[in-house]
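Student: what would the 3D arrangement of this be:
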Amino acid sequence: MLRFGMPTLIELKSTEESAELCAELGLRFIELNMSFPQYQPEAMDIAALKAIKEKYGIFYTIHIDESLDPCSVNPGIARVYTETMLKTIEIAKALEIPTLNMHLLRGIYVTLPDRRTYVYAENEGLYLESMRKFRDTVTEAIGDSGIKVCIENIDDGWNQAFMLHAVDLLLESPAFALTFDIGHDHASANMDKPEIMKRADRLIHMHMHDALGKKVHRALGDGEMNLPEYLALAKEHNCRVVVETKTVEALKTSVKWLKAHGEM
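Tutor: Residues are numbered from 1 along each chain as shown. Predicted coordinates:
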């Protein structure tokens, strides 16, 4: 059976409140979101988090802060982002967290008379060299712990060549893998699905939510997506699956849908 988990929900004010709901619904894990103040490295109480996961029989994954950009053209900013990732890896080791989920950012763009261009696209060599240094630093820090940093597709797809080049550069390391966010891919007219499938041997994590056109993060069954197809893909690759709704009500509806379809 697939291992389903829940995201950090803004309605729930503590990890224990989230863990209680997670266990009540029969979910296996919580994806702690480092865009929230309580999940900054300096704010996380390792002993308390460990006690909660043991009390409720769950585990954690981590969603890296969505602003993290180790390729910033400002070396000081890039260094702080890398240091944040290294702190997160130490937390993951302490809590036996298997997966860190991360976005790639497009960065700043410039609007020209005939087109929009990205600073990273115009300076791809510098961008990829920064990404290579980040990859090697992270790989060394992870060592033989088994932690995987999963790169997630984002809104509007990996629609720049430099982003796909970065994905492939990161995947040269065994410390990196892929997350498939199926709802965002649907909203971008399945732009990233072919790229994910080309690299499907590295797919280990999935963010699952229904979508209706560009309206995403809907409860499972409350959209137009072919969810059984994606569940089959998740099973094929033994993915952990975050039921990535944004409200408690939508999460409960999604769990009911999964149970009704024999998935939990």
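Student: quick one: buried residues of stretch 59-67?
Tutor: If you call a residue buried by 16 or more other Cβ atoms under 10 Å, then stretch 59-67 has these buried ones: 59, 60, 61, 62, 63, 64, 65. Where C-beta positions appear, they are placed from N, C-alpha and C, glycine not excepted.
Student: stretch 109-126 now?
Tutor: 118, 120, 121, 123.
Student: residues in contact with the last one?
Tutor: Under the criterion of Cβ atoms under 8 Å, 6 or more residues apart in numbering, the contact list for residue 123 reads residue 73.
Student: max-length helix in the chain?
Tutor: Criterion DSSP state H: the longest helix present in the chain is helix 75-95.
Student: from the chain's centroid, how far away is it?
Tutor: Taking Cα atoms, centre = their mean, to the nearest Å, the mean C-alpha location of helix 75-95 is offset from the chain mean by 16 Å.
Student: give me the sheet partners of the helix or strand following it and which way each runs.
Tutor: Next in sequence after helix 75-95, counting helices and strands by DSSP states H and E, comes strand 99-103. Here strand 99-103 has these sheet partners by DSSP bridges: strand 59-63 (parallel), strand 148-152 (parallel).
Student: just put these in a markdown table and tack on mean pLDDT and distance to residue 158.
Tutor: Converted to a markdown table, the strands paired with strand 99-103 look like this (pLDDT from 0 to 100; distance: least, Cβ to Cβ, whole Å):
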| stretch | mean pLDDT | distance to residue 158 |
| --- | --- | --- |
| strand 59-63 | 98 | 18 |
| strand 148-152 | 98 | 9 |
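Student: in this protein, which spans are helices?
Tutor: Using DSSP H, helices in the chain cover 15-25, 46-56, 75-95, 119-122, 124-142, 161-171, 182-187, 193-198, 227-236, 248-260.
Student: Throw the strands paired with strand 99-103 into JSON lines and include distance to residue 182, thanks.
Tutor: Below are those laid out as JSON lines (distance: least, Cβ to Cβ, whole Å):
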{"stretch": "strand 59-63", "distance to residue 182": "16"}
{"stretch": "strand 148-152", "distance to residue 182": "11"}
